[in-house]
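1. I need the structure of the sequence given here:
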Amino acid sequence: MTGRIAYLTGEYPRATDTFIQREVAALRALGLTVETCSIRRTGPAHHVGPEQRAEAARTFHVLAATAHPGRSLAAHVAALRRPGRYLRALTLAWRSAPRGVRGRLYNLVYFAEAVVLARHLKARGITHLHDHIAMASCTVAMLASAVSGIPFSFTLHGPDIFFAPGHWRLDEKIARARFVACISHFCRSQAMLFSRPQDWEKLHIVHCGIHPARYRAGDGRTGDRLLFVGRLAAVKGLLVLLDALAAARTTRPDLRLTLVGDGPDRPMLEARVRAMGLDAAVTFAGYKAQDEVAAALQAADALVLPSFAEGVPVVLMEAMAAELPVVATQVGGVGELVTDGETGLLVPPGDCAALANALLRVMTDEALRQRMGKAGRARVTAQFDVTDQAARLARLFGSAVPGIGGESDREAPV
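-> I've put the predicted structure just below:
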């Protein structure tokens, strides 16, 4: 495997996107050379554990390099040695920009970043560029590919980009990419909706994954400890969860909730907890390293994820690997991971009463929790092991650029 791959995303590494770090590590374990690039430099507060700090130290930061006048000028001078390619990339930046002056200005900034990134990729001998999260960083990846001639691909997550696919020119990115790794069938269907039929063969299912062996079932689970892991942001539906918890506690006053994570809504949620008199029942634990999350899952009785929108949440995979039953909303690709009544309970998003009833059902039935936990671990082990998914991705890299991966992955893009 002689090729060199660069991974790009908006911020890498960070606590909320450990699945990208896990995927990079799995590809490296398969023998691929993977270098990491990040548009912005993530603050140390978002680096949890030595693994993330080491990844941060070895990552190229595009915005910081672009802001350096000498490096930026040298990158443009180098790119102008191929003036036709440079002008075509600049035209692409202008043509694919969102409407309005602000959209044009943003895309010109992305073009400037792309030129600097292109020079870095050339200097490092990169033969393929892969982006995660198909919004701003993917625009930079598309333009860097146009400037450098290095092919690119991307992993499509959603749901954010599906709210504004025209703004982010998802159609253009799919048309220009060598392939698109879609994290779920739901995700692929949305990509089909916003792209040309002749590009659908580029759309492949590659799940985010975990190492199931890292997670273990806990002893002495008592049915009173609920766990949430994720960003403390509006999309996660945490206000609904607090209302559901309060309702459920009228029947089970011993129920407690731990929130692992941080985010913009934390002050508001803390105030809400105080106003509801739930201080003794709700713990804000902040960001945790991967091993700490595994320990929290081992100690909990059920994981709850009341989101309004999701892709296929990795935290559900982690919980299921720890033989935890999960209670989640039926949004996005969640139903492709969680089978209602078999590996967890699914409720309509925003329905406080349904969520409270589901919490009571799972927390009062130990046999149900055990049955769902074992079924959940079996599901994740069979379908969401990161090593298997990385191997599939490596085959796609091999199809896109000979010399990178294994045999061509030309099976139907299921």
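2. where do the helices sit along the stretch 151-300 of the chain?
-> Assigned by DSSP state H, counting those that start in this stretch, the stretch 151-300 of the chain shows helices spanning 170-176, 185-193, 238-249, 266-276, 290-299.
3. Let me have the ones you listed in CSV, extended by distance to G43 and mean neighbour count.
-> All C-beta atoms are positioned from the backbone trio N, CA, C, and that covers glycine. Below are the helices of the stretch 151-300 of the chain laid out as CSV (distance: least, CB to CB, whole Å; neighbours: other CB atoms under 10 Å):
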stretch, distance to G43, mean neighbour count
helix 170-176, 28, 20
helix 185-193, 29, 19
helix 238-249, 23, 21
helix 266-276, 16, 14
helix 290-299, 19, 18
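4. And the ones you listed, which one averages the lowest pLDDT?
-> The minimum mean pLDDT among those belongs to helix 290-299 (a mean of 93).
5. So for the next helix or strand along the chain from it, mean pLDDT?
-> Sequence order places strand 302-305 as the next helix or strand after helix 290-299, per DSSP states H and E. The pLDDT scores in strand 302-305 average 98.
6. Please work out which residues outside strand 302-305 touch it.
-> 225-230, 236, 241, 257, 297, 313, 315-316, 319, 324-329, 334, 355, 359, 362-363, 369 (CB atoms under 8 Å, 6 or more residues apart in numbering).
7. contacting residues for H120?
-> Counted by CB under 8 Å, 6+ apart, H120 has contacts C37, F60, V62, A65.
8. go again using 7 Å as the cut-off
-> Neighbour list for H120: F60, A65 [criterion: CB atoms under 7 Å, 6 or more residues apart in numbering].
9. And it, how far from Y7?
-> Per CB to CB, to the nearest Å, H120 is found 13 Å from Y7.
10. Also L316?
-> L316 is 24 Å from Y7, by CB to CB.
11. Looking at the two, which is more packed in?
-> For L316 versus Y7, the count of surrounding residues by other CB atoms under 10 Å is larger for L316: 25 against 22.
12. Please identify the helix or strand for that one.
-> helix 314-321.
13. list the helices and strands the next helix or strand along the chain from that helix packs on?
-> Sequence-wise, the next helix or strand downstream of helix 314-321 (DSSP H and E) is strand 326-329. Identification of packing neighbours for strand 326-329 by 3 or more CB pairs under 7 Å, 6 or more residues apart in numbering; DSSP states H and E yields strand 302-305, helix 314-321, strand 344-347, helix 352-363.
14. Out of those, which gets nearest to Q52?
-> Minimum separation from Q52 across the helices and strands packed on strand 326-329 (CB to CB) falls at helix 314-321, 15.3 Å.
15. Show me what that closest one is packed against.
-> helix 290-299, strand 302-305, strand 326-329, helix 366-383.
16. And the helix or strand where A26 lies, what's buried?
-> According to DSSP H and E, A26 maps onto helix 18-29. Across helix 18-29, burial judged by 16 or more other CB atoms under 10 Å covers T18, F19, I20, Q21, R22, E23, V24, A25, A26, L27.
17. Which one of those residues is nearest to A309?
-> Each of the buried residues of helix 18-29 was checked against A309 using CB to CB; the closest is F19, at 17.1 Å.
18. residues in contact with the closest one?
-> Counting by CB under 7 Å, 6+ apart, F19 touches C208, V314.
19. The one 3 residues further on now?
-> By CB under 7 Å, 6+ apart, R22 lies in contact with I210, V386.
20. neighbours of D388, just the number please.
-> Per other CB under 10 Å, the neighbour tally for D388 reads 16.
21. residues touching it, list them.
-> By CB under 7 Å, 6+ apart, the contact set of D388 is G209.
22. What helix or strand is it located in?
-> For D388, the element it lies in under DSSP H and E is helix 386-400.
23. Run the chain-centre distance for that helix.
-> Chain-centre distance of helix 386-400: 17 Å, with CA atoms, centre = their mean, to the nearest Å.
24. Alpha carbons only: can I get that helix in CSV?
-> These are the backbone C-alpha positions of helix 386-400, laid out as CSV (Å, rounded to 0.1, in the frame of the first residue of the first chain):
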residue,chain,number,x,y,z
VAL,A,386,-14.7,-0.3,13.1
THR,A,387,-12.1,-2.7,11.8
ASP,A,388,-14.6,-4.1,9.3
GLN,A,389,-15.8,-0.7,8.3
ALA,A,390,-12.2,0.6,7.9
ALA,A,391,-11.4,-2.4,5.6
ARG,A,392,-14.4,-1.5,3.5
LEU,A,393,-13.2,2.1,3.3
ALA,A,394,-9.7,1.0,2.4
ARG,A,395,-11.1,-1.0,-0.5
LEU,A,396,-12.9,2.2,-1.7
PHE,A,397,-9.6,4.1,-1.4
GLY,A,398,-8.1,1.3,-3.5
SER,A,399,-10.8,1.7,-6.1
ALA,A,400,-10.3,5.5,-6.3
